[in-house]
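Enquirer: Fold the following, please.
(chains A, B, C and D)
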Protein chains: 2
Amino acid sequence: MDSTLAKGLAAIEWMTRQQRDCRVTDLAQAFGMARSNAHRTLQTLVDCGWAVQDPGTSAYRPSLRLFELGALVSEATDMGSLLRPHLAALAQQTGETIHLAVLDGAEIVYLDKFDSPLPVAAYSRIGGRAAAYCVASGKALLAAAAPDLSALHERLGTLAAHTKNSITDFDALLSELERTRVRGYAENREEWRLGVCGLGVPVFNARGEAVAAVGMSVPSIRFARTQARGLADRLMACARDASVTLGYRASPVPASAPLPASTTRRRRLE
Amino acid sequence: MDSTLAKGLAAIEWMTRQQRDCRVTDLAQAFGMARSNAHRTLQTLVDCGWAVQDPGTSAYRPSLRLFELGALVSEATDMGSLLRPHLAALAQQTGETIHLAVLDGAEIVYLDKFDSPLPVAAYSRIGGRAAAYCVASGKALLAAAAPDLSALHERLGTLAAHTKNSITDFDALLSELERTRVRGYAENREEWRLGVCGLGVPVFNARGEAVAAVGMSVPSIRFARTQARGLADRLMACARDASVTLGYRASPVPASAPLPASTTRRRRLE
DNA sequence: AACAACGTTCCAATATTTGGAACATTCGGA
DNA sequence: TCCGAATGTTCCAAATATTGGAACGTTGTT
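Expert: Here you go, the predicted structure:
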């Protein structure tokens, strides 16, 4: 393991998460290394174009290189630009907060977001993360992807309670995912943040893989069951359109071996 | 300069720009290093969470870490989320492609974008770059920022012709920027891509600095002068609203020394 | 079955990084 | 205004990590 590389990566990550200019001494203290070392590390980042140094204060901050490369990460690029119009339409139809998320280990990452014009307690940020089993987008992806139980168990580990509503029992989660499959959409009832509910539906690519989920965050006050069904219908329609945009065919069945209609319908979430 | 760090940064950048999974041998060949070296570099990236390795093919690709950190880069974060509603509204009003850009050296970087529902030849991508003096957003920012000529000259260097319409003479560019200032918006008449015109207006923060620009890309066919003025008016209104969102006050003049109205108006772009 | 290509592991020679000391500069208080 | 503390930067020898080549195991092809 290249420790110098690890040091530099940790440095730029730390610097980025600081969300403010950082100085040589800060970095040296944070990582317990000599000032000369911290200085050379930062200079290397500048030389490579990953950081910029304020000429006046000699403080360092990450350059736009990170943003540029981040936008290039394939999952983000392709889907982000292709699906954005669908999200925008849904956001306008419903007036709720809409986001696009992908699965990354036991978490989901928000790729894109449209904020509701109404003031919401819903908190999410592009590039932000949430525990997959606690939010609707995550449940939708887990339900769609889950091939075998041991893999799912290993992926998630222990289910921590992020709110009093969080599902912390693995078997309860399995039931919830099954319910999600048959229902066609996933729900989150204040399991990640109190006061915030959500709905989620997976989006499939041309190979029939669930590569992303469209999610909707709704303040619990507006989230009555009667409304939920209507919103879920719009959400599922949006996800279906999005899947088609990615090349998914509603019945990805070889012509040589047609399947019964019921199976075809279920494949949407499997 | 930490050469190991530089090597690792170059590796992940190369890997990201490849836009496809890459293998040990690929990296070794691309950088002329031993396979064992390439292997250890990639493993370090994986250990640090910057790359993932496909268990089946043992191929590597950048992880979402890059996307996550990219989204955190302050200029992108703060403004991106704050200004997005303004962009969305403008996109809906006009039906044209709208983007948000910032200046980075001699280039602009697109922070956010709303595509026109109409099919356009306009090509831009979030995270993408364009020569500042060739596009409307860039001109708007140069016109708003330009304090002294030598700094501007040094920033831009030689003006290459990206199309036959590109401005390649520095004095001509100065005139264009002055015209931009008095007019209140910048124009691009197929100076970056043939067939694509554009309009741009700067957005100011609370300190009165031009921190970003709202731009509009329009196919040259739809870009008649009569239309341009109407679109520019909407664009300027959007940029004004966006500036207010960032805390800018239309007349950032000390109460102790009020200025004539004409000066106040000009300050919008100075 | 032999072969080629590739990922991975190991190792000693090599080249790099490291921390401390020293210097320059800035800043704040006496 | 002068001093002292804090900080950015440079330099260097000691310590350490990195490097490329060789070898091994695996996969897929001829």
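
Enquirer: ok, now which ones touch the residue in the stretch 51-200 of chain A that DNA strand D sits nearest to?
Expert: Using Cβ to the nearest atom of the strand, residue A:58 is the residue of the stretch 51-200 of chain A that sits closest to DNA strand D, at 4.0 Å. Just so you know, the C-beta spots here come from the backbone N, C-alpha and C atoms, and that holds for glycine as well. Residue A:58 is in contact with A:23-24, counting by Cβ atoms under 8 Å, 6 or more residues apart in numbering or on different chains.

Enquirer: Backbone torsions only: list them for it.
Expert: Phi and psi for residue A:58, reported as degrees, to the nearest 10, are phi 60, psi 30.

Enquirer: So residue A:116 belongs to a helix, correct?
Expert: No - counting by DSSP: H, G, I helix; E, B strand; the rest coil, residue A:116 is located in no helix; its state is coil.

Enquirer: quick one: buried residues of whichever strand or helix holds residue A:232?
Expert: Using DSSP states H and E, residue A:232 falls within helix A:225-245. Neighbour-count burial for helix A:225-245, counted by 16 or more other Cβ atoms under 10 Å in any protein chain shown, picks out A:228, A:231-232, A:234-236, A:238-243.

Enquirer: and if you look at stretch A:206-222?
Expert: A:208, A:210-220.

Enquirer: before we move on, what about stretch A:34-52?
Expert: For stretch A:34-52, the neighbour count (16+ other Cβ under 10 Å) marks A:37-45, A:48, A:50-52 as buried.

Enquirer: Would you check which of these are in contact with DNA strand C?
Expert: Among those, the ones lying near DNA strand C by Cβ under 7 Å from any atom of the strand are A:37, A:40-41.

Enquirer: got any ranges where the stretch 1-150 of chain A has weak pLDDT?
Expert: A:120-122, A:146 (pLDDT under 70).

Enquirer: where does it come near DNA strand D, residue by residue?
Expert: Looking at DNA strand D, the residues of the stretch 1-150 of chain A close enough under Cβ under 7 Å from any atom of the strand are A:1-5, A:23-25, A:35-36, A:39-40, A:42-43, A:53, A:58-59.

Enquirer: go again using 10 Å as the cut-off
Expert: Within the stretch 1-150 of chain A, the positions near DNA strand D by Cβ under 10 Å from any atom of the strand are A:1-8, A:21-29, A:34-40, A:42-43, A:46, A:53-55, A:57-60.

Enquirer: need the contact list for the closest residue to chain B within the stretch 101-250 of chain A.
Expert: In the stretch 101-250 of chain A, the residue that lies nearest chain B is residue A:127 (2.6 Å; Cβ to the nearest Cβ). The contact partners of residue A:127, by Cβ under 8 Å, 6+ apart, come to A:70, A:109-110, B:67-72.

Enquirer: Restricted to helices, list those residues.
Expert: Counting by DSSP state H, those place A:70, B:67-72 in helices.

Enquirer: can you redo these as CSV with distance to residue A:191?
Expert: Listed next are those as CSV, based on distance: Cβ to Cβ, whole Å:
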residue, distance to residue A:191
A:70, 28
B:67, 25
B:68, 22
B:69, 27
B:70, 28
B:71, 24
B:72, 25
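
Enquirer: Those residues: which two are farthest apart?
Expert: By the measure Cβ to Cβ, B:67 and B:72 form the most distant pair in those, at 9.8 Å.

Enquirer: Please identify which of those two sits among more neighbours.
Expert: Taking neighbours as other Cβ atoms under 10 Å in any protein chain shown, residue B:67 and residue B:72 compare with residue B:67 leading, 31 against 22.

Enquirer: could you list every residue that touches that one?
Expert: Here residue B:67 is in contact with A:70-71, A:73, A:75-76, A:109, A:111, A:127 (Cβ under 8 Å, 6+ apart).

Enquirer: And the buried ones among those, selectable in PyMOL?
Expert: Applied in PyMOL, the following selects the buried portion of those according to 16+ other Cβ under 10 Å:
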select buried, chain A and resi 70+71+73+75+76+109+111+127
